[in-house]
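A.B. asks: predicted model and sequence follow; I will ask about them next.
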Amino acid sequence: TPQSSTGAGSSDSPVRGGTLTYASGDAEPTCLDPHVGGNYPQALVATQYLEELVSKNTKGQIIPWLATKWTESKDGLSWDFTLRDGVKFTDGTPLDAAAVKANVAHIQDPATGSSTGYLALGKVASTEIVSPRVIRFTLSQPDSALLESLTQPWLAIESPAALKRSKDVNCAHPVGTGPFIVKQWKKQDSITLVRNAGYTSPPADAAHHGPAYLSKIVWRFIPDSATRYAALKAGEVDVIDNAQPDTIVAAHKTKSLTELNAPRPGASNRIELNSGKAPFNDEKVREAFIRAADVNDGIKTLFFGTAKRSYSALSSVEPLGYSEPGLFGYEPKKANELLDAAGYTTRDADGYRTKDGTRLTVVFPVSTNQSIPAEQSLFEQIQATTKKVGFDVKLEPMDLSSWYAALAKNDYDAVSAPYTKVGPDVLRILYDSASITPAPSGYFANLAQVDIPSLDATLEKAAQVSDVAERSALYETAQKTILEGYYILPLYDQQNHYLLRNDVVGLRALPSVSTPLFYDTWLDR
Amino acid sequence: MRRAASAGPRVALVVCALVVLWLLACAVAPGLVAPGDPLAIHPLQGFEPPSLAHWFGTDESGRDVFTRVVHGAGPSLLIGVAATAIGIVLGVALGTLAGLGPRWLDFGTSRLLEVLFAFPGLLLALLFIVIYGPGITTSTVAVGLATAPGYARIVRSQMLAVRGAPYIEAEVVLGRPPLWRFRRSILPNVAGTLFVLVTLGVGQSIVWASSLSYLGLGAKPPTAEWGAMLSAGRTYIDSAWWLTFFPGLVIVASAAAATVLGRTIQGRVRGS
Amino acid sequence: MSETTSHSAADRASAAAPSPALLTVSGLSVRFGRTAPPVVDDVSFEIRPGECLALVGESGSGKSVTARTLVGLTGGDARVSAESLVFDGAPLLSASAAAWRRIRGARIGFVLQDALVSLDPLRTVGREIDDALRLHTRLGAADRHRRVIDALTDAGVPDPALRAGQRAGQLSGGLRQRALIASAVVLNPSLVIADEPTTALDVGVQQQVLGLLEKLRAGGTGLLLISHDLSLVARVADRVAVMRDGRIVETGATEAVLGDPQQEYTKTLLAAVPWSQARGTRLTVEARAAAETRAVTDRDDAHGSAALEITDVSKAFRTPAGTLQAVRDVSLRLEPGTTLGLVGESGSGKSTTARIALGLLAPDAGQVRLLDQEWAPLPERERRPRRHLLGAVYQDALSSFDPRWSVGGILTDALTGGASRSIRRYEDEVAALLRSVGLNPDLMRRRTHGLSGGQRQRVSIARAIAPGPRVLICDEPVSSLDVSVQAQVLDLLDELQEQRNLSYLFISHDLGVIRHISDRVAVMSEGRIVETGATETVFSDPRHPYTRRLLTAVPHRRDLTPRQS
Amino acid sequence: MTLGPGTEVEAALESAASTRRSGRGAVRWLSTRLAGLLFVLWAAATLTFFAIRLIPGDPAQAILGGPGSQASAAALAQARAEYGLDQPLILQYLGQLGRYVTGDFGTSYSLHESVVQAIGQQLGGTLVLAVASLAVAWVLALAVAVFSVRAGRAAWAVGNGLEIVSAAVPHFWLATVLILLFSSTLGWLPAINVPGPVGLVLPVVTLAVPLAGFLGQVMRESLLNALHSPFVLSARARGESEVGVLVRHALRHAALPAISLSGWAFGSLVSGAVVVETIFARPGIGRTLLRAVQERDVPLVSGIVLVVALAYCLVTVASEVLDRVADPRLAESPR
Ligand SMILES: Nc1ncnc2c1ncn2[C@@H]1O[C@H](COP(=O)(O)OP(=O)(O)OP(=O)(O)O)[C@@H](O)[C@H]1O
Ligand SMILES: Nc1ncnc2c1ncn2[C@@H]1O[C@H](COP(=O)(O)OP(=O)(O)OP(=O)(O)O)[C@@H](O)[C@H]1O
Ligand SMILES: [Mg+2]
Ligand SMILES: [Mg+2]
């Protein structure tokens, strides 16, 4: 997969200046500070003006960014990060250990309302200023995922002075060390980012030094995919995200457009089967559902070859991902046998199986904000194919709030929920039995409601060991448990396709969470 | 009142009547018009352009668009009819209260209607759907609710007009009691207008409901409902125009045909 | 007004004789649509400068179409053909649109039939009149304004500067009619076509408008006057053309045609004018042949119980402009088997009185007794059992019928007291009822909107008499009808009164009709009864000044007799 | 989104007619209108307040960053206390009314800024869109009406058909077709909001065409009536040309009912704006409203409802004033 665009026929020397227009199909963030909440739309835009302590290269290695050096203590409970010298936030505040400490405190402060960042720092007990340039993280338990977590935009380092402002002000104008500065946020329209002229801190794998080439980025929100693509074709915008499969194929045939495919890390896109209640508390029924769902042909047609079938709980960009295609073959005969065995032996007038008079119903809430149309169509196809063996799948499209509410009320049997996090530790968030208990707000991550003590232990252990071989063995065991228990039906990687005009040169997606970074980008006009 | 060439040439009327008949046939016996299964998927035959085998092409799941359009007539028209019915029933209830009740009731009801009018219809529908969750039933009720104030206004004014009409006064002179007048004269005369409103309203309700579907608030999959088909097909507008074109065409055609018929009937009613 | 009457017939004759024709029409035919029969059929006439030709005939005979054709505005899909159509020496048949526009307004002035709606309600009268000047002259704004004021002054509009700035809606009917005429004659056209310039006007206003036309003619303008009001024609026209079904059936000098009509149709028209006929005579020729002249008993001194008695009734309406006392202390007594005529100008409270008598309006004070029993104010519930004793006939018959009901349904309903509307069971009764009002029983299955005005009013009368009432209240029952149809309906009412011993409270603003049908008359003005008495007494010796004014304003009976030279 | 040519249009005409009927003096008229306006605002606030309580979902959660956040029980309780959500409903209601009176519309949960500020940013875009659409719809409707009335039977049928079809077109479908045609294929016009008037073209056309269909049907009928009325005949008899008849007489009459409909048209444009702003990625209160409802942003929804109701009332009053200017009969006749 090409992770960066080269630009056809580009001249060698980058052009300085120019305005690039980016059109995002993701929801407009409610806060530009990714500490608050912490979702992918925030990460997308924050990548342009905030930076992390470390980053990841395309080989999967952790590389320096704001921290030039880091050391882990023997027991794995203490980490020292040495900060880059001479870096200033765009409000003039210097980057030092105190600033990092303030950021960790900010993320861990309940008043901030951090969700993703808060979870990632779950094992950080305290921070300590060793010297102005060295900060020490003290952990409650060893955390093999710490470095990977720290590559994520949700743990970006912001100006401590700026964090002291009110939440609303900080949400509108977060201050970081990045190559661009948030200049103006016109709600429901666009965010204007301007070049940070004093920029000095590119990640280790950047292509150049000094300030960014672009003088301005207009970050627009265009929710309608057809409009977004039309605007790109017409040259009104230069880059779009969330490109629909058919337009990606069309773009391949269009000279002026290029694709940047950057699958998101963390979990794959999968359907989780709620094992916490009937009918999916019975493993036979789960397997029957999975065996009855014919998805390969659908993916081929619906995604026009832009998505590859996944047989893993993890994204294909995760080196520790484990695939088991044999478990997910389309075998309706076997599904029928399994259902017979599970006691769903009769069929009602509509052809659905019943047991003790109750229909084999699968309630499937679909978030229209999170599932792209092709995916919703795939669900419809699953609905159609599983119907043949007698499942009554009730697809219920709804807005995000209602969707969360339905999950919180345990009002679902199947659901598809994306989760992006760098590293296999995402499995612990998604399948640890502790994640079944909802937070007071109703939120919980273990939607399959997997409750296996041995799995909990394996994941916990994997998160602590730093030995590479042992770690990968543990994660393989864990994934096997999940896949063989038929808790999930993996579909494909979390799609993350960008389309750009040919004159946009040097755009790459950061290997951490696949957000595009416009630092090296210039316009060949 | 002079209406020159009235509703245009008769040809248009005949065409509209044919469209309506065809739609009714689709709604009542879709299996006869298009024998296929509207839900049968053929994943590998998706996105096929219109051909002899698939008149309107196939959709993303390889379902035959023509079959779906035909089978979609039932739910779509039902939404239109049911929403209009809800709107009309509410409208008649409110309008009758206001038009025939005592003055204070008229005053109160009229003010209420004024307030409802100040709410954009879509907002009423949105609130209702958010409260009760999306789906065919809720979006139908929502459209009905949103249209009710309009109907109520018309019913009220019709009631007032008929109540004050000279022929009602003539019935008083002949010694007919109030209930008799309401049953024999007022209601039947208002009903004529209502009938016209229904024809006009059905078409517009379909358009309304389809807009709700576009916002993701309409029918649930895999129901073959026009608005839902349209909004699903819109995504592929760049590569598969037929997914958008044909459902859009039937929506416009049915709404327009209903309007023409309604106007014709209205012309008859007024002309007499 | 003195000016108006000063013209003698001799003046007119001398003006008319030598000059060549201003307008010559010969063989004019108009039809609408390809196949329809002609609406105007082979019509020929001519008009000389200063001459007035009157075109008379019943409604729908083609008078207005003829007039519109003369200014090239027949309209729609009309097909016009003529042997010749010459105005002021120039043929009009082949005139281009631009040529027509140069003639219209400048050389032919056209005063439309519906004066009340012939001025743009959104523009000031001054601008409407100004249009003609703007289109046909090169005068500056100030000059044109002066001409507008002059025109209004000439038309007898008081306070012209003020009126010029007002819109039609702010003017009374008479002022509007005069403003309309002013807009048609502001450029001193040599021919003026006036289509029913006085219908819908109060008698007083009528007089003023006629004066204006007279004045024009005195200035040498040719005048085509269209009217179905024969007494008006008799006073104004030099020559008369009688039209029927699009053809001119009789034409000649006014004296000759009206004084000694040659054609049956003209005779019928003349006979139908109620003024000229005594109480008790039938107005239609056929009816007159059938019935003997009814003996007019002296009903003045009838005694005993009254059919309807209204005592000291008052009624006020609250309007945004304040309280309006519509009826003040009105007392009326209707003797059984007689007709009480209630007359008065528009807005004087006649209809309000009738509605109180019908129990549709509660009086503020006073009471009504029906056949010597209490009637109003009473709760409607108590009145309902005796409702069949009192019937009503309205001016606008059509709107008094439920539009969905057939004639038979309406009458069955009335016959059965609302119990049934199915014609089948009561077919014979309904047929008899229809025959009794002179209608063909075949009409039973027809809808009311398909009937002619006269037929509608007969159905309305049939409905009123169906429950067997003793008293009928007739509010302007003939006002919207043609003279000849009006005559038939009046005859019918007379006949029914005779057969069924009905008592009528008969409301009209037409003194001729009132005089013809009433035994006694009550004159109403500004909500009061100002005079009451036996018909002939009131008409020959009016006591109250208002009654006198009312009577002097109307054209006189003698107008219909041939003029002496 | 718009509703039936025979239903809402007629209802709107009817309501205009009822205000016409009560033709009174200017001062009294204005004061009744203002009292009515206050009533409508109060009722709209009340209705919204209670309707929003029916929406499932915890407002405290919406305050704390929406349902995806992992707010603690303490934080939820604190948010409830802070926003007064723990008080009895009636007190909350009265408190809110009180704050409205002082011009305090609260803070949006989802936008983290004051509702007044949020609406202030969005209102302009929607107003420009609505006003431009109304104007274009007017011109289109008038053009089609004049064309179809003047140019004979066939033109009549064409005009009639155009109007009926355009009134039956869903906004989002029209928008899609326009984007496909003029933006994707021809590349003439931008599909998204760009600075300057070109960015307005497609959204305005999308909103204006269906509206023009409705207005056109009404205008054509009144134009026809005006052209067949006696005063036009008498204008012709005065030598007025056909153009003169149109310009000086008929058009004004044709415009009257359409003016009366402006209030209704505005309401339907706001509904349409929800869809159009989403498709064309324009900032505006339509799109904000959709989002606010979906995110259970109570203060923002209430604020928008009030502003829209106020705007609707003002447009209605303005259209009545305009009506009185165009038709001076209304101002004076003590009928
Ligand atoms: N534009 C038209 N199209 C078709 N028929 C018409 C048209 N104008 C008039 N007519 C018909 O022509 C006939 C003559 O009408 P016209 O108006 O000339 O009668 P009139 O003698 O003026 O009657 P009135 O005394 O009632 O004014 C009527 O039958 C009428 O229906
Ligand atoms: N319901 C009402 N409300 C207010 N004013 C009314 C009402 N009915 C009648 N009037 C007024 O009362 C007065 C008398 O009206 P009425 O209808 O009795 O007159 P009329 O003599 O029958 O006149 P016309 O000859 O025009 O029929 C008029 O000024 C009228 O405007
Ligand atoms: Mg006439
Ligand atoms: Mg009257």
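C.D. replies: Perfect, I can see it now. Numbering: from 1, shown residues only, chains lettered A, B, ... in the order given. Ligands and ions are numbered 1, 2, ... in the order given.

A.B. asks: can you list the residues of chain B near chain A?
C.D. replies: B:39-41, B:43-47, B:60-62, B:130, B:133-135, B:216, B:220-222, B:232, B:234-240 (Cβ under 8 Å from any Cβ of the partner chain). (C-beta placed from N, C-alpha, C; glycine too.)

A.B. asks: which among those end up buried?
C.D. replies: In those, burial by neighbour count holds for B:39, B:41, B:43, B:45-47, B:60-62, B:130, B:133-135, B:216, B:220-222, B:232, B:234-240, counting by 16 or more other Cβ atoms under 10 Å in any protein chain shown.

A.B. asks: so which of these belong to helices?
C.D. replies: B:130, B:232, B:234 (DSSP state H).

A.B. asks: so which of those is the closest to chain C?
C.D. replies: Nearest to chain C out of those is B:Val130 (Cβ to the nearest Cβ; 44.3 Å).

A.B. asks: hmm, the closest one is touching D:Glu295, no?
C.D. replies: No: using Cβ atoms under 8 Å, B:Val130 is not in contact with D:Glu295, being 10.2 Å away.

A.B. asks: export stretch B:237-247 to PDB, keeping only CA atoms.
C.D. replies: The C-alpha trace of stretch B:237-247 is given here as PDB (Å, rounded to 0.1, in the frame of the first residue of the first chain):
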ATOM      1  CA  ILE B 237     -24.100   8.900  -8.500                       C
ATOM      2  CA  ASP B 238     -20.700   9.100 -10.200                       C
ATOM      3  CA  SER B 239     -20.600   5.500 -11.300                       C
ATOM      4  CA  ALA B 240     -24.200   4.300 -11.400                       C
ATOM      5  CA  TRP B 241     -26.600   7.000 -12.300                       C
ATOM      6  CA  TRP B 242     -29.500   4.600 -12.700                       C
ATOM      7  CA  LEU B 243     -29.600   4.000  -8.900                       C
ATOM      8  CA  THR B 244     -30.600   7.500  -8.400                       C
ATOM      9  CA  PHE B 245     -32.400   8.300 -11.600                       C
ATOM     10  CA  PHE B 246     -35.200   5.700 -11.600                       C
ATOM     11  CA  PRO B 247     -36.400   6.000  -8.000                       C
END
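
A.B. asks: and it, how far out from the chain middle?
C.D. replies: 24 Å (Cα atoms, centre = their mean, to the nearest Å).

A.B. asks: what are the contacting residues of that stretch?
C.D. replies: A:226, A:229-230, A:246-247, A:249-250, B:47, B:49-50, B:56-57, B:59-60, B:65-66, B:69, B:72, B:226-227, B:229-230, B:232-234, B:236, D:173, D:176-177, D:179-180, D:184 (Cβ atoms under 8 Å, 6 or more residues apart in numbering or on different chains).

A.B. asks: how does it look with 7 Å?
C.D. replies: Under the criterion Cβ atoms under 7 Å, 6 or more residues apart in numbering or on different chains, residues A:226, A:229, A:246-247, A:250, B:47, B:49-50, B:56-57, B:59, B:65, B:69, B:226, B:229-230, B:233-234, B:236, D:176, D:180, D:184 lie in contact with stretch B:237-247.

A.B. asks: turn the ones in helices among the buried ones among the residues of chain B next to chain A into JSON lines, including distance to A:Ser126.
C.D. replies: JSON lines is the format used below for these (distance: Cβ to Cβ, whole Å):
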{"residue": "B:Val130", "distance to A:Ser126": "44"}
{"residue": "B:Ala232", "distance to A:Ser126": "52"}
{"residue": "B:Arg234", "distance to A:Ser126": "53"}
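
A.B. asks: what is the burial count for residue 152?
C.D. replies: Unless you meant another one, I'm taking chain A. Neighbour count for A:Gln152, taken as other Cβ atoms under 10 Å in any protein chain shown: 27.

A.B. asks: that's the other chain; I wanted chain C
C.D. replies: Using other Cβ under 10 Å, the number of residues around C:Leu152 comes to 26.

A.B. asks: chain neighbours aside, what residue packs nearest to it?
C.D. replies: C:Pro160 (3.6 Å; Cβ to Cβ, 6 or more residues apart in numbering or on different chains).

A.B. asks: distance check, that neighbour against B:Lys220.
C.D. replies: 74 Å (Cβ to Cβ, to the nearest Å).

A.B. asks: C:Arg355 too?
C.D. replies: To B:Lys220, C:Arg355 is 61 Å away according to Cβ to Cβ.

A.B. asks: ok, now B:Ile88?
C.D. replies: In terms of Cβ to Cβ, B:Ile88 sits 26 Å off from B:Lys220.

A.B. asks: now do D:Cys313
C.D. replies: 37 Å.

A.B. asks: with C:His136 instead?
C.D. replies: C:His136 sits 72 Å away from B:Lys220, going by Cβ to Cβ.

A.B. asks: try D:Leu97
C.D. replies: Distance of D:Leu97 to B:Lys220, given as Cβ to Cβ: 39 Å.

A.B. asks: where does C:Gln486 land in three-state SS?
C.D. replies: In three-state terms, and counting by DSSP: H, G, I helix; E, B strand; the rest coil, C:Gln486 is helix.

A.B. asks: and the residue of chain C nearest chain B?
C.D. replies: Of all residues in chain C, C:Arg387 sits closest to chain B, at 2.9 Å by Cβ to the nearest Cβ.

A.B. asks: which ones are touching the spatially most central residue of chain B?
C.D. replies: Nearest to the mean C-alpha position of chain B, by Cα atoms, centre = their mean, lies B:Val202 at 1.6 Å. Applying Cβ under 7 Å, 6+ apart to B:Val202 gives the contacts B:80-81, B:84, B:258.
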